[in-house]
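**Student:** test case, fold it:
(one chain, ligands or ions: 1)
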Amino acid sequence: MTRPVRVRFAPSPTGKLHIGGARTAIYNWAFARAHGGSFILRIDDTDPTRSTDENTQIILRALRWLGLDWDEGPEIGGAYGPYAQTDRVELYREAAERLMAEGKAYPCFCTPEMLEADRAAARARKDPYQGYQRRCRCLDAAEAKARIAAGEPYVIRIKVPENRGDVVIPDAVHGEVRFDAKELDDFVIFRSDGTPTYNFATVCDDALMNISHVIRGDDHLSNTPRQVIVYEALGAEVPVFAHISMILGADGKKLSKRHGATSVEEYRDQGYLADAFVNYLALLGWSLDGDTTLIPREVLAREFSLSRISKNPATFDPKKLDWMNAEYIKSMDTQAFIQSILLPQLQASALISSDAQFDSSWLARVAALVQPRTKMPADAAVVAAPLFQDAEHLSMDEASVAKGLTGDTVGLVLHRAQEILSSLDNDNWHAQALDTALEVLPEELELKKRLVFQTIRVALCGNLVSPPLGESIELVGKDDALARITRAIALAEQLN
Ligand code: GLU
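**Tutor:** The predicted structure follows:
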């Protein structure tokens, strides 16, 4: 019988949630969703010097922002809790005691000096095995007990069975990976300060939580043979392992701060959409079919499979992320764009107040102009600004003014434009009629088209990057359009 799918994401709260961790979380989440399983969040906070509650909170917030809902874990609990390792130390201790009672683990009293002396001696006699020399492996049980009772410091080591042979890991990504058990030492599972080591705590948890698949970064591949030894000692079923490749920067080096923003929060604060970010990270090492790049969350949650994870390292490409973000914004439903991007951005830029009311069809038409020109949410306010300011408050971009409102012919162009616009009645106040009416100007004035429209655009929108002219003029309305030209004429007179 195959086990029910139970996977976990187990961050150490020693820092924020980074891109690599976020991708691991996404893969675990998607794998659980695609296989009707459970996604468990566990906080690996056994390193008390580096773990903080604040980091845990930051990680939880980042996961919630990414939309990776967990079925068991902090804040929601579950049948296999508690879900923070510091709350589980008793369980690890019990497990270690049991292994000692069964002769599968033993206390070791060797001091660092003894260990170093043993290593040096092994080196000197060119012993192929230079690891722990297993001094305490055969200590008499009564003697060990007495030394513990006398308060002598000790660690607990696991007995790697003699003649264990190779530990073979059928990794779902890398295929069969082999490790020589001889290299594994009788490694420490409990330190002398009473804290469990990562390899031990993690396996106790994964075994007790009935984890079926361990999907994590391949920096943990080298820990896996030790972990298999712990599963075997505990008599627990070994999960399926899937070790995912590193994420590299464009220079081929492991992704780090040098490559720019690395924490999920930074991306959130820069305005990336969670859906786009999840889609982009999912593709760093996994593909749906090798071609499709826009993969909505529902598809990921339905189709994700370990068999399509690539062995090769993936390269993080911020340009591709930007492209994807723009695609997600473009394809948003208009109302969603208005509510979640346009209005909040206008408010953030103080272009509207929080209780401002707008005609909904007018707003939908504004959105139709702004949405395709919005790559990042903040662009929306920049593009839409001229439509939300009146003539008096229209911000005039300095460089655009220098280009559009200086020169001998500016006054002429603006006066004629004003006459043309005043002559149009309300029935004709729509984009196409406005464009057609203004189109005659260059020929009539014998001026270059580019110059004429540069001037009109700066007069009406205050910049040269605004949405199409006819549409913009239509949306600001006749009175305001005329007032804008009047203001620009005055400004041009000062400048020229
Ligand atoms: N706490 C470990 C880490 O953050 C996770 C280890 C694992 O997934 O086994 O790297």
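**Student:** so where's the chain uncertain?
**Tutor:** Applying pLDDT under 70 to the chain flags residues 1.
**Student:** show me where it has strands.
**Tutor:** Under the criterion DSSP state E, the chain carries strands at the ranges 6-9, 38-41, 105-108, 155-158, 166-171, 175-180, 188-190, 213-217, 240-244, 247-248, 314-315.
**Student:** what is the third one packed up against?
**Tutor:** If contacts are counted by 3 or more CB pairs under 8 Å, 6 or more residues apart in numbering; DSSP states H and E, strand 105-108 sits against helix 89-101, helix 141-149, strand 155-158. For the C-beta atoms, the positions are set from N, CA and C on the backbone; glycine is no exception.
**Student:** residues of the stretch 1-150 of the chain that sit close to the ligand?
**Tutor:** Contact residues (CB under 6 Å from any ligand atom) of the stretch 1-150 of the chain with the ligand: 10, 11, 12, 44.
**Student:** check the gap between the residue nearest to residue 286 when sequence neighbours are not counted and the ligand for me.
**Tutor:** Nearest non-adjacent residue to residue 286, counting by CB to CB, 6 or more residues apart in numbering: residue 309, 5.1 Å away. As judged by CB to the nearest ligand atom, to the nearest Å, residue 309 and the ligand stand 15 Å apart.
**Student:** what's the burial count for residue 309?
**Tutor:** Per other CB atoms under 10 Å, the neighbour tally for residue 309 reads 20.
**Student:** need the contact list for the residue nearest to residue 243 when sequence neighbours are not counted.
**Tutor:** Using CB to CB, 6+ apart and skipping the chain neighbours, the partner closest in space to residue 243 is residue 218 (3.9 Å). By CB atoms under 8 Å, 6 or more residues apart in numbering, the residues touching residue 218 are 173, 174, 243, 244, 245, 246.
**Student:** try residue 449
**Tutor:** residue 442.
**Student:** ditto for the one 3 residues further on
**Tutor:** Contacts were defined as CB under 8 Å, 6+ apart; by that measure residue 452 touches 413, 441, 442, 445.
**Student:** farthest pair in the residues you listed?
**Tutor:** Spanning the widest gap among those are 413 and 442, at 9.2 Å by CB to CB.
**Student:** most widely separated two among the residues of the stretch 1-150 of the chain next to the ligand?
**Tutor:** Using CB to CB, these span at most 7.7 Å, a distance reached by 10 and 12.
**Student:** who's more crowded, those two?
**Tutor:** Taking other CB under 10 Å, residue 10 and residue 12 do not tie; residue 10 has more neighbours (25 against 18).
**Student:** which one of the contacts of residue 218 is nearest to the ligand?
**Tutor:** residue 243 (9.8 Å; CB to the nearest ligand atom).
**Student:** picking up where we left off before, looking at residue 413 and residue 442, which is more packed in?
**Tutor:** Taking neighbours as other CB under 10 Å, residue 413 and residue 442 compare with residue 413 leading, 27 against 16.
**Student:** which residue is the nearest non-sequential neighbour of the more buried one?
**Tutor:** Spatial nearest neighbour of residue 413, excluding adjacent residues (CB to CB, 6+ apart): residue 455 at 4.8 Å.
**Student:** what's around the one you found, how many residues?
**Tutor:** When neighbours are counted by other CB under 10 Å, residue 455 registers 26.
**Student:** double-check it against residue 414; I have them as touching.
**Tutor:** Yes - assessed by CB atoms under 8 Å, residue 455 is found in contact with residue 414 at 6.5 Å.
**Student:** let's see if you can find the most crowded of the contacts of residue 218.
**Tutor:** Among the contacts of residue 218, the one with the most neighbours (other CB under 10 Å) is residue 244, at 28 neighbours.
**Student:** so what pairs up with that one in the strands?
**Tutor:** Here residue 244 sits in beta bridges with residue 217, going by DSSP bridges.
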